[in-house]
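**Student:** A structural model of the following input is requested.
(one chain, ligands or ions: 1)
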Amino acid sequence: MRYLTAGESHGPRLTAIIEGVPAGLGLTAAAINEDLKRRQGGYGRGARMQIETDQVEITSGVRHGKTTGAPITLHVINKDHQKWLDIMAVEDIEAQLKGKRRIKHPRPGHADLVGGIKYRFADLRNSLERSSARETTMRVAIGAVAKRLLAELDIQIANHVLVFGGKEIEIPDGLTVEEIQTRVSQSEVAIVNPAHEEEIKAYIDQVKRDGDTIGGVVETIVGGVPVGLGSYVQWDRKLDAKLAQAVVSINAFKGVEFGLGFQAGYRKGSQVMDEIIWSKETGYRRSSNNLGGFEGGMTNGEPIVIRGVMKPIPTLYKPLMSVDIDTHKPYKATVERSDPTALPAAGVVMEAVVATVLADEIIEKFSADNMEELREAVAQHRRFVKEF
Ligand code: EPS
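**Tutor:** Modelled structure (predicted):
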C-alpha cells in the first residue's frame, strides 16, 4: 500500500491517492468523515475549525460501497479557500496583489524560513501553506481507510493524551483498547481520566489568554496485532522503525517511544524484559509489556504501545523575535490565526498514521488482492501461532 497527499492549507482542496488496498473492503465516506470530525474537535482548536466541516469525497477505487483494488482518490474541500481566491490563485496575479498577505517575518519553529531559503521564495507563504498541519486531514482520511481494514481483522486501535503542556494525566491501570476509545470519546481533551478534565480545559484557556501554546505527549495503543509483522533481517524492514518515522512525520512531533521507552535507559535488564509464558488457551504471551509489543523490530502479539511528543504550535499570538527577510532587521514574527493546542487532534492523526503503517505491513506480509483472501490468511496465521 502506498499513498501521496497534496494540497495547501488555503488552496481549493486537499487530495490523497492510496494504492494497494485489497478489493472487497467495505468503505463509505461516512466512515472516513467520522474520523475527520474527531480530528477537527478537541478543546483548544482555533477559529479555522469553525469555518471547516471536513467531508470526504471519494472519486475512485470504490464501487457500490466496496473497494475495487484500484487506486482510491479522496478529496476534502477547504471552505476557507473562498476568502483566499486571489492570494492562492494558480494564475500569475502576483503583481496585482501588491504584497497582500505576503509573509516576510518567519515564525520561529515553523517551516517558513528554511522552506523559503531552500525553495527560494520571496513570499514565505509558499512554505507555510504546504507545511501547515491542515495536511493532516488527509493522513486521517487515509488512516480511516486503514482502520477499516484493521477492523475487519479484529485489530483495535485507540489514542489518548498523557501529558498536556507538562501536566500529567493519571492513567487508571488495565484499561482495554475499547475502554480507552469510550473514555476519550467522552472527553473534550482526549484523556481517559475525567478527574483532570476541568483542570486541563482551564489550563488551555489560560495559555490562550497568555497568547501562548502547549504541546504534550500522546499514546496510541493497538490490540489484536498478529505476531511477526516486520522483520529483524534488514534495517528498513523493522516495523517499530517504520512506525517511528510515521509518527515523527506528523507536524510538530519531535520524538517517539515504545513501551517503557526512554525509561528503559534507567533500569536493569531484569526490570525491562517481558518474561515469556505459555498456556493452551492463549499460546505464547509476555507477563508484562515493557517493550510495547516489539522484539527485534517485529510484533510479539502484545498490544503495541507507542507514544509521540508534540512540541507546542509555533504560531504565537504573542510572537517571538524574528528577522525581516527584506531588511534583515529584527522584527516580531508573523501572527497567523492559530490554535493554543491541537493535542487532542494530534492523537487522532497519530492513530491514523499508526493504522496506515500497520495496514501496509499486513498487506505486505499476507500479500492479498482481496479481503476474503486476507481474512483467511490472517486467521490461518493466528492458528499457526497459537499451536507453535
Ligand atoms: C495552521 C494554522 C491554522 C490551523 C491549521 C494549521 O490554520 P489557519 O491559518 O487557516 O487559521 O487551523 O490547521 C488546520 C487548518 C487543520 O485543519 O488542522 C498552521 O499554520 O499549521
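**Student:** low-confidence ranges in the stretch 151-300 of the chain?
**Tutor:** Within the stretch 151-300 of the chain, no range satisfies pLDDT under 70.
**Student:** looking at it, what residue ends up closest to the ligand?
**Tutor:** Asn251 (6.4 Å; C-beta to the nearest ligand atom). C-betas here are computed from N, CA, C, even on glycine.
**Student:** separation between that residue and Glu197?
**Tutor:** Counting by C-beta to C-beta, to the nearest Å, the separation of Asn251 from Glu197 is 26 Å.
**Student:** got it, and Arg45?
**Tutor:** For Arg45, the distance to Glu197 - C-beta to C-beta - is 16 Å.
**Student:** just Gly165 next, same as before
**Tutor:** Plainly put, Gly165 is 15 Å away from Glu197 if you go by C-beta to C-beta.
**Student:** counting neighbours, go ahead and name the busier of the two.
**Tutor:** Each of Gly165 and Glu197 has its neighbours counted (other C-beta atoms under 10 Å); Gly165 has more, 19 against 16.
**Student:** wouldn't that one be in contact with Pro340 here?
**Tutor:** No - applying C-beta atoms under 8 Å, one finds Gly165 not in contact with Pro340, separated by 9.4 Å.
**Student:** overlap in contacts of the two?
**Tutor:** Contact with both Gly165 and Pro340 is made by residues 207, 214, according to C-beta atoms under 8 Å, 6 or more residues apart in numbering.
**Student:** what are the ranges of the helices in the stretch 101-250 of the chain?
**Tutor:** 112-119, 125-131, 136-152, 177-185, 197-209, 239-248 (DSSP state H, counting those that start in this stretch).
**Student:** so can I have TSV of the ones you listed showing distance to the ligand?
**Tutor:** Putting the helices of the stretch 101-250 of the chain into TSV (distance: least, C-beta to the nearest ligand atom, whole Å) gives the following:
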stretch	distance to the ligand
helix 112-119	9
helix 125-131	6
helix 136-152	5
helix 177-185	18
helix 197-209	14
helix 239-248	17
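**Student:** from those, which stretch is densest packed?
**Tutor:** Most buried of the helices of the stretch 101-250 of the chain, by mean neighbour count (mean count of other C-beta atoms under 10 Å): helix 136-152, with a mean of 25.
**Student:** other SSEs contacting that helix?
**Tutor:** strand 2-6, strand 13-19, helix 29-40, strand 72-77, strand 156-164, helix 343-366, helix 371-387 (3 or more C-beta pairs under 8 Å, 6 or more residues apart in numbering; DSSP states H and E).
**Student:** switch those over to CSV; also include mean neighbour count.
**Tutor:** Formatted as CSV, the helices and strands packed on helix 136-152 follow (neighbours: other C-beta atoms under 10 Å):
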stretch, mean neighbour count
strand 2-6, 15
strand 13-19, 19
helix 29-40, 18
strand 72-77, 21
strand 156-164, 23
helix 343-366, 25
helix 371-387, 15
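**Student:** now the ones you listed in CSV, with distance to Tyr119?
**Tutor:** Output for those, formatted as CSV (distance: least, C-beta to C-beta, whole Å):
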stretch, distance to Tyr119
strand 2-6, 16
strand 13-19, 20
helix 29-40, 28
strand 72-77, 25
strand 156-164, 33
helix 343-366, 25
helix 371-387, 41
